[in-house]
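Engineer: Fold the following.
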Amino acid sequence: MDKLLVHGGSKLKGCINISGSKNASLPILAATLLTEQTCIIRHVPDVSDTNYMLQILTALGAEVERSSGTVRITAANIIHDAPYELVRKMRASICVMGPLLARLGKASVSLPGGCVIGDRPVDLHLKGLQAIGAHINMDSGNMHMTCNGGLKGAEVDLRGKHGPTVLGTDNLMMAAALTPGTTVIESAACEPEVVDLADFLNKMGAKISGAGTSRIVIEGVEKLNGVQHTVIPDRIEAGTFMVAAAMAGEGVTLNRVQRDHMEAISDKLEESGHSVEFNDAGTSVTVKPAENPIGGKITTAPYPGFPTDMQAQFTALYAITPGISVVEDTIFPQRFMHCAEMTRMGTNINVDNGTAVIEGNRELSAAPVMASDLRASAALVLAALCSKGTTEINRLYHIDRGYEHIDEKLLQLGAQVERVAN
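Structural biologist: A predicted model of the protein is given here:
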């Protein structure tokens, strides 16, 4: 089990390329199950979550080849039963449920695992699939689905307690692509990753309109074809390095970004006084720290609001920023496990009922800390860059779930980090 040693005090400068989106790659990889023909996906990040998804596709019978970020998948002969030992490792594995049901008429998928950041139920996934005709039997932690009467288009509202469901929207959209009739998803998730999946499905021959809005309409087709597709840039990786540049940079440029996906993050950095400049094409951004930064207030919200996947990183930024800052997470109110670890490094953060109040301008000092989930581990790395001494970050497998070679990219920018085996 690896750990990361971060020697604080180095100034980041230079440029790096942002990887393809993990959260877009996972449902797109699952969607290859909808066709017998070969699909080629480019810019698939080399992270453990995508590795698990490819293992699941292989276990289902797909032929998978991977080379330098390009994945070639042929799912000509597949089975309906996704193995528990793989599904339990990653929550997004539930994405195979919709494609298997639509393609084979049945699916058996274990209740998924993944990082623990609060209640993330699958009830909205089941609600969507039941609306188009799925029959679901829960048995010993497994979801067995059939559609004896066939699937049929329907209208379904997927709004949940904390807003729309991204993976639930993905699952229903994939299943509905091969479902006779018209399916309408109300309260659909609007995230760019949902749009990327819809673009991929439409290339395959699906008839999907409205992706990126709260109402998606899918007209079912009989067959989908193999295609080639390039995954969108990872806006959360880009946001994380933008925060790193604001905290410990001297001018950092990120290439392979998409400006319209970054507005909520860019706005909050600029509100604190940091410089954020995109090139004319919106594919490259340079971030420089403010001379006199100020704190801020963040409330997470579904896209296009501020992403919950970035609140931990901004908590780290505000910890070294003068003044009082407030971070409220309305999506996952329990997602503040990084704060206790950051307190060991000298931060002053009080968390109560889904809100963190941060007294900034603290001098941070190195300490051994433990990652608890993907984005919390990124926040610890950011805090460590600004800490005096060497910080030891354990349970590095959390960060490897969603950041492609983060240690190598930090080294490229001049940070002093080293990955070591326990």
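Engineer: So which residues of the chain form helices?
Structural biologist: Per DSSP state H, the chain has helices spanning 22-31, 48-59, 84-87, 97-104, 123-131, 166-177, 192-204, 235-248, 263-271, 311-319, 337-343, 374-385, 397-400, 406-412. These are given in chain order.
Engineer: What is the fourth one packed up against?
Structural biologist: Taking 3 or more C-beta pairs under 8 Å, 6 or more residues apart in numbering; DSSP states H and E as contact, the helices and strands that helix 97-104 lies on are helix 22-31, strand 106-110, helix 123-131, strand 142-146, helix 166-177. Where you see a C-beta, it was placed from the backbone N, CA and C, and this is true even at glycine.
Engineer: Now the third one: buried residues?
Structural biologist: Read that as helix 123-131. L124, H125, L126, K127, G128, L129, A131 (16 or more other C-beta atoms under 10 Å).
Engineer: With respect to I358, which of those is nearest?
Structural biologist: For the buried residues of helix 123-131, the residue nearest I358 by C-beta to C-beta is L124; the value is 32.3 Å.
Engineer: what's near enough to touch that closest one?
Structural biologist: L158, G160, T165, G168 (C-beta atoms under 8 Å, 6 or more residues apart in numbering).
Engineer: again with M247
Structural biologist: P289, A316, L317, I320, L382, L385, C386.
Engineer: Can you tell me which of the residues you listed are buried?
Structural biologist: The neighbour-count test (16+ other C-beta under 10 Å) applied to these identifies P289, A316, L317, I320, L382, L385, C386 as buried.
Engineer: Save those as TSV, and put in distance to T240 and pLDDT too.
Structural biologist: Below are the buried ones among the contacts of M247 laid out as TSV (distance: C-beta to C-beta, whole Å; pLDDT from 0 to 100):
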residue	distance to T240	pLDDT
P289	15	98
A316	10	97
L317	11	98
I320	16	97
L382	7	98
L385	11	98
C386	14	97
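Engineer: E408: which of the helices and strands packed on helix 97-104 is closest?
Structural biologist: Minimum separation from E408 across the helices and strands packed on helix 97-104 (C-beta to C-beta) falls at helix 22-31, 16.6 Å.
Engineer: Looking at the contacts of M247, which two lie furthest apart in space?
Structural biologist: Maximum distance among these (C-beta to C-beta): 13.6 Å, for P289 and A316.
Engineer: Show me this structure divided up by domain.
Structural biologist: The domain map for the chain lists 2-18+233-421, 22-230, with the assignment taken from automatic domain parsing.
Engineer: May I ask which helix or strand of the chain has the lowest mean pLDDT?
Structural biologist: None of the helices or strands of the chain scores lower by mean pLDDT, DSSP states H and E than helix 84-87, at a mean of 85.
Engineer: Dump stretch 193-210 to CSV, restricted to CA.
Structural biologist: Listed in CSV are the C-alpha atoms of stretch 193-210, where the atom choice follows Å, rounded to 0.1, in the frame of the first residue of the first chain:
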residue,chain,number,x,y,z
GLU,A,193,-20.3,14.1,-18.1
VAL,A,194,-23.9,13.3,-18.9
VAL,A,195,-23.7,15.4,-22.1
ASP,A,196,-20.5,13.4,-23.0
LEU,A,197,-22.3,10.1,-22.6
ALA,A,198,-25.3,11.4,-24.7
ASP,A,199,-22.9,12.5,-27.4
PHE,A,200,-21.3,9.0,-27.4
LEU,A,201,-24.6,7.3,-27.5
ASN,A,202,-25.8,9.5,-30.4
LYS,A,203,-22.6,8.7,-32.3
MET,A,204,-23.7,5.0,-31.9
GLY,A,205,-27.0,5.8,-33.5
ALA,A,206,-29.2,6.7,-30.4
LYS,A,207,-31.7,9.5,-30.6
ILE,A,208,-31.2,11.6,-27.5
SER,A,209,-32.0,15.3,-27.2
GLY,A,210,-31.9,17.7,-24.2
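Engineer: which residues sit against that stretch?
Structural biologist: Contacts with stretch 193-210, where a contact means C-beta under 8 Å, 6+ apart, come from 21, 23-24, 27-28, 31, 34-35, 39, 166, 169-170, 173-174, 177, 188, 211-212, 216-221, 223-229, 231-232.
Engineer: could you flag which of the residues you listed are buried?
Structural biologist: By 16+ other C-beta under 10 Å, those give 21, 23-24, 27-28, 31, 34-35, 39, 166, 169-170, 173-174, 177, 188, 211-212, 216-221, 224, 226-227, 229, 231-232 as buried.
Engineer: Going by neighbour count, which residues of the least confident helix or strand of the chain are buried?
Structural biologist: The neighbour-count check on helix 84-87 (16+ other C-beta under 10 Å) flags Y84, L86, V87 as buried.
Engineer: Kindly report the same for stretch 331-346.
Structural biologist: Per 16+ other C-beta under 10 Å, stretch 331-346 contains these buried residues: 331-333, 335-339, 341-346.
Engineer: how long is it from one end to the other?
Structural biologist: Terminal residues of stretch 331-346 lie 27 Å apart, using C-alpha to C-alpha, to the nearest Å.
Engineer: S372 contacts E341, correct?
Structural biologist: Yes: under the criterion of C-beta atoms under 8 Å, S372 lies in contact with E341, with a separation of 7.4 Å.
Engineer: Common neighbours of those two, please.
Structural biologist: Taking C-beta under 8 Å, 6+ apart as the contact criterion, S372 and E341 have no common neighbours.
Engineer: How many residues are close by D267?
Structural biologist: 12 (other C-beta atoms under 10 Å).
Engineer: what do you get for the one 3 residues further on?
Structural biologist: Residue crowding around E270 was assessed by other C-beta under 10 Å; the count is 14.
Engineer: For the spatially closest residue to it that is not a sequence neighbour, which residues count as its bridge partners?
Structural biologist: The shortest distance from E270 to any non-neighbouring residue, by C-beta to C-beta, 6 or more residues apart in numbering, is to V276 (5.5 Å). Applying DSSP bridges to V276 gives these bridge partners: V287.
Engineer: L254 now?
Structural biologist: Taking DSSP bridges, one obtains I16, V285 as the residues bridged to L254.
Engineer: quick one: it and C15 touch, right?
Structural biologist: Yes: between L254 and C15 there is a contact under C-beta under 8 Å: 7.0 Å.
Engineer: one step back: in terms of mean pLDDT, which of the domains of the chain ranks lowest?
Structural biologist: When the domains of the chain are compared by mean pLDDT, domain 22-230 comes last with a mean of 93.
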